[in-house]
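Participant: Just to be clear, the model below is a prediction. Sequence and coordinates:
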Amino acid sequence: MTIRIDPEENEIWALRQSVEDWRNKRVLEIGCGDGRLTVRLARLGANILAIDPSAESIRVARSKKPARFTDQIRYSVGTAEQLKSKAESFDIVAFAWSL
């Protein structure tokens, strides 16, 4: 059985209500998993550093990343507690579906 999460993209609708324009925003996504939301944010025009503590999840996310988002999305194994980037280097932090 295939699991389809948010096929109507209500998640993106809700995010658009929070941030009017995602274009060229520097986004840190914490707990990106397989990159499902990451790609959706890239479609909105965001530039994303997506982190997850699971090396396997990052491997899967990288393998699924569409080539057109090569310059917009960077995946890295990591946690919010041990960021390698300075906090002020992001416009938005996304933390969704990670608990």
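Facilitator: In hand now; what should we look at? Numbering: from 1, shown residues only.

Participant: Check which helices and strands the helix or strand where Ser76 lies sits against.
Facilitator: Here Ser76 is covered by strand 73-77, with elements defined by DSSP states H and E. Under the contact definition 3 or more CB pairs under 8 Å, 6 or more residues apart in numbering; DSSP states H and E, strand 73-77 sits against helix 36-43, strand 47-52, helix 55-64. The way it works is simple: take the backbone N, C-alpha and C, and place the C-beta from them, glycine included.

Participant: Tell me which of those approaches Thr79 most closely.
Facilitator: Closest of the helices and strands packed on strand 73-77 to Thr79 is strand 47-52, at 7.0 Å (criterion: CB to CB).

Participant: How confident is the prediction for Val19, by pLDDT?
Facilitator: Here the pLDDT value assigned to Val19 is 76.

Participant: Excluding chain neighbours, give the residue nearest to it in space.
Facilitator: Leaving out its chain neighbours, the residue that sits closest to Val19 by CB to CB, 6 or more residues apart in numbering is Ile92, at 6.2 Å.

Participant: Next, count neighbours for the one you found.
Facilitator: The local packing count at Ile92 equals 16, with neighbours defined by other CB atoms under 10 Å.

Participant: what's the distance between it and Leu49?
Facilitator: Computed as CB to CB, to the nearest Å, the Ile92 to Leu49 distance reads 11 Å.

Participant: For these two, list the residues in contact with both.
Facilitator: Among the neighbours of Ile92, those also in contact with Leu49 (CB atoms under 8 Å, 6 or more residues apart in numbering) are 26-28.
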